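[1] only geometry, no sequence info:
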């Protein structure tokens, strides 16, 4: 039968985790039958999920022990509510005592869940702090992005705090979503129906060129696994340097320089152009391997 | 008219009337060319009260600039119009009715304007002559509903007024032929005026005026279905269709209705059907718009020929590169023709399969709902037995034998299948005791309930529960139970006579997936030859260029 | 939201205790199904949470057919529904119970 490798974009969070880690190595914390559902959704008479849209646990990946979390983008857009956020924060807290090789966050989220926005906002700020604390303790945090919701809102910020960001071409990172920007600033500012434009501004290839993502992979779980395994190997060899003021200042300067450089850019095209991609129309269809080779060959 | 027949000197009154109109129009034209600024005054000059006006617009290409220009005419001069057109698709089509310039309309399909049209009818502001099928309306253009003025759309004109309609030729030849040769006035909007056309689709001496529109005519990407939205249930139904119908009858010549159900079938051909060894045995010749979801089957060598009603946005380069499959001119672009493709679908195809909204206990199938006058389009032309057909094919002969096992005179039958999930969202049942079409007919004062496909023409119903071979039923009671037998958990399905349905199963009239050797657990999206629009682009070798709102890369 | 429990006497009891399994996702037109061992007696107990109100007779028919296909006594099934059609409910229930049984006790 002509069956393709399991597509990351379409898979549920549960399938992504099962096929990402070593076979049968995942053990779930707060599993669904404990029914840690959202009390807020129930009060609002909205459907709840047994795991509140995120599963957390331990696993091995290429033999490395990891803590792993997967957001279910199909449940309320992967949005973060109170229980959902507490599970993520709890996992990062556990990392400090268990000291895994890394914490993997399979981000697939539009941001904060509007039904429980206060709790969600607090959870996001706690999550940001928890990621930084984990990294400070020398444990890398990886974000893996390739679901339909991408990494937006608070989860976009959390993603950019991560040590490594593995993304597929379909993956997106941003703060406000294109529809929100269009609603607030008008269609001339951002035509959210122009999906090609949306991807040229938020999508995986652009994020990789800008350096926000550290790996661009094909949209199948095996490719995510291979890249993650490679990064785990890299980090096993070299302990994460403690972030000091100098390093932070340097990063801020780089970001400021980037903001100045693309100050007037209206489209991701200019970024691709500066990265040495000549046939701009074909960048979107360029196979990931070719794209990566081109990028790595660029000074 | 009486005056005319009493006076033999008036045999050319219509022609003289047309000449008079052209003389009035000359003030606003240079030769045949009219500027966009002058078009409204030209329309006022050449249109007379009571005229039959055909505005080209079907479900794809729209003469949208001419529609907007007609809307700007002086209602005291341009009034009492009788609109004749395939599709009332644009808001402007109904604005002109609301403006009081139209007294009567004959059409086929109203799609997005169905609700507004129903309101205008209930308010008594418009009279509907009839709701036709496409072929029926085109036919009447040549009998008793010949347009006096046709407003059509083309890709380009040359300085002389020859028209290039390009891949989206669609209805233009039928409209222009009826109008130009019966003393009518043909006005074309074009996207560009060029010195030399790639090819001539409509000769200049059939055209009275052309105008370059400020913006290109609108084309709806109507037949693009994103594989990402195809569900497991639709995949299961596609498996049932391929194994239980296509393979069973060896169907090579067919037409697919629009929708995700048939898109799923197209995407299962290179995978599921190929695994069943059906390549070359089914689905070789099509009357079909260039569905992007057919690309993987074409690339896999399943398809030998496709004739199209219209084109599809983004498929131009792919079609041009596959002239063995599509009907392509020497210039490299496709030539479509709605009238011919409808005829082809009716007479030369062994199967029509399409989705619907409601099916009653007699198998009548309707997409009408209360408060919406949506019409038919072309489905009834494909979805009916071609009684005038005289050539045999194995599938057609077999269907005829099954439908009339005791008939003395051998005759085949068209296979007409309706494919539908038993329930839609919010548990809306697809199977009902009484079609909403009856209520609509009452509230809109129609002579006929708007039935898409009559029960007597429906040979098969496919749902996620299984397939009902209605043509194999011997009595109306059996037919009703066969329908109930695949109606799942709808009230119609729950009320089935279980013993009778089991009997129908034993006789191969109702067949469930397990009866066909179909493992329901295989019905996953992994079976789709393409799971996204991007997969379709890749399958086309980068030739398919989808509309930008369908992309996610 | 509507919540109700339907209990179907099956007449046998799953002899093995399997770990609980969940199948499906709570998204529009879909549902998640949790299957757990340990329901006392030899009935199959199904706890339904659904936003579509007033379709209890249809649930009864769908779940009755499920239990007929898979007579799993001593099992507790919980459904978080988000407006799935009967076809999707049946498919998901079949998948869930197959997944549940495939797990080593």
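    Structure's in. What do you need? From a predicted model like this one, the values you see are computed outputs, not experimental measurements. Numbering: from 1, shown residues only, chains lettered A, B, ... in the order given.

[2] contacts and neighbour counts: CA atoms only from here.
    Fine.

[3] Packing partners of the helix ranked longest in chain C?
    In chain C, assigned by DSSP state H, the helix with the most residues is helix C:86-102. Under the contact criterion of 3 or more C-alpha pairs under 8 Å, 6 or more residues apart in numbering or on different chains; DSSP states H and E, helix C:86-102 touches strand C:21-24, strand C:30-37, helix C:56-69.

[4] Distance check, residue C:96 against residue B:440.
    Using C-alpha to C-alpha, to the nearest Å, residue C:96 is found at 43 Å from residue B:440.

[5] cool, and residue B:211?
    Taken as C-alpha to C-alpha, the span from residue B:211 to residue B:440 is 40 Å.

[6] again, but for residue B:399
    34 Å.

[7] on that earlier part again, orientation of the longest helix of chain C relative to helix C:56-69 in degrees?
    40 degrees (axes from the mean of the first three to the mean of the last three C-alpha atoms, to 10 degrees).

[8] Now do helix C:86-102: everything it contacts.
    B:233, B:423, B:464, B:489, B:521, C:18-24, C:30-35, C:58-59, C:62-63, C:66, C:70 (C-alpha atoms under 8 Å, 6 or more residues apart in numbering or on different chains).

[9] same thing but 7 Å
    B:489, C:18, C:20, C:21, C:22, C:23, C:24, C:30, C:33, C:35, C:62, C:66 (C-alpha atoms under 7 Å, 6 or more residues apart in numbering or on different chains).

[10] Could you pull out the buried residues of it?
    C:86-97, C:100-101 (16 or more other C-alpha atoms under 10 Å in any protein chain shown).

[11] Next: stretch B:256-269.
    Quick answer for stretch B:256-269 (16+ other C-alpha under 10 Å): B:256-269.

[12] what about the closest residue to residue B:208 other than its chain neighbours, distance to residue B:172?
    Nearest residue to residue B:208, sequence neighbours excluded (C-alpha to C-alpha, 6 or more residues apart in numbering or on different chains): residue B:186, at 5.2 Å. Between residue B:186 and residue B:172 the distance is 10 Å, computed by C-alpha to C-alpha.

[13] do the same with residue B:379
    Distance check for residue B:379 against residue B:172: by C-alpha to C-alpha, it reads 20 Å.

[14] tell me which parts of the stretch 51-200 of chain A are close to chain C?
    A:74, A:75 (C-alpha under 7 Å from any C-alpha of the partner chain).

[15] Do a quick rundown of the strands in the stretch 51-200 of chain A.
    Secondary structure of the stretch 51-200 of chain A (DSSP state E, counting those that start in this stretch): strands located at A:54-61, A:64-71, A:102-107, A:141-145, A:164-168.

[16] Turn those strands into TSV, including mean pLDDT, distance to residue A:94 and mean neighbour count.
    Converted to TSV, the strands of the stretch 51-200 of chain A look like this (pLDDT from 0 to 100; distance: least, C-alpha to C-alpha, whole Å; neighbours: other C-alpha atoms under 10 Å in any protein chain shown):
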stretch	mean pLDDT	distance to residue A:94	mean neighbour count
strand A:54-61	98	10	23
strand A:64-71	98	9	24
strand A:102-107	98	10	26
strand A:141-145	98	13	28
strand A:164-168	98	20	26
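
[17] nearest to residue A:289, of these?
    Residue A:289 lies closest, by C-alpha to C-alpha, to one member of the strands of the stretch 51-200 of chain A: strand A:164-168, at 11.6 Å.

[18] Where does the prediction get shaky in chain A?
    Within chain A, the ranges that satisfy pLDDT under 70 run A:1-4, A:243, A:298-299.

[19] how about the helices in it?
    A:13-20, A:39-43, A:82-98, A:117-136, A:154-161, A:178-185, A:195-202, A:204-210, A:221-237, A:245-261, A:269-274, A:280-283, A:288-296.

[20] same thing with the stretch 401-550 of chain B?
    B:436-443, B:476-485, B:491-494, B:498-506, B:533-539 (DSSP state H, counting those that start in this stretch).

[21] Report the angle between the second one and helix B:498-506.
    Which is helix B:476-485. Angle of helix B:476-485 versus helix B:498-506, following the same axes, to 10 degrees, is 90 degrees.

[22] Output the contacting helices and strands for helix B:476-485.
    Here helix B:476-485 touches helix B:491-494, helix B:498-506, going by 3 or more C-alpha pairs under 7 Å, 6 or more residues apart in numbering or on different chains; DSSP states H and E.

[23] Kindly compare burial across those helices and name the winner.
    Counting by mean count of other C-alpha atoms under 10 Å in any protein chain shown, helix B:491-494 has the highest mean neighbour count of these, with a mean of 19.

[24] Tell me if that one is near chain C.
    No - using C-alpha under 7 Å from any C-alpha, helix B:491-494 stays clear of chain C, coming no nearer than 8.1 Å.

[25] Show me what that helix is packed up against.
    Contacts defined by 3+ C-alpha pairs under 7 Å, 6+ apart place helix B:491-494 against helix B:476-485.

[26] now chain B, which segments are flagged as low pLDDT?
    B:1-8.

[27] Mind checking which residue lies nearest the centre of it?
    residue B:378 (3.9 Å; C-alpha atoms, centre = their mean).

[28] Now do the contacts for that one.
    Applying C-alpha under 7 Å, 6+ apart to residue B:378 gives the contacts B:133, B:134, B:342.

[29] same deal with residue A:144?
    A:105, A:106, A:107, A:165, A:166, A:167.

[30] rerun that using 8 Å as the cut-off
    Counting by C-alpha under 8 Å, 6+ apart, the residues that residue A:144 touches are A:104, A:105, A:106, A:107, A:165, A:166, A:167, A:224.

[31] my read: the fourth one touches residue A:154, true?
    What that stands for is residue A:107. No - between residue A:107 and residue A:154 there is no contact under C-alpha atoms under 8 Å: 11.1 Å.

[32] Buried among the contacts of helix C:86-102? Need that as a selection in ChimeraX.
    Here is the ChimeraX command that selects the buried residues among the contacts of helix C:86-102 (16+ other C-alpha under 10 Å):
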select /B:489 /C:18,20,21,22,23,24,30,33,35,62,66
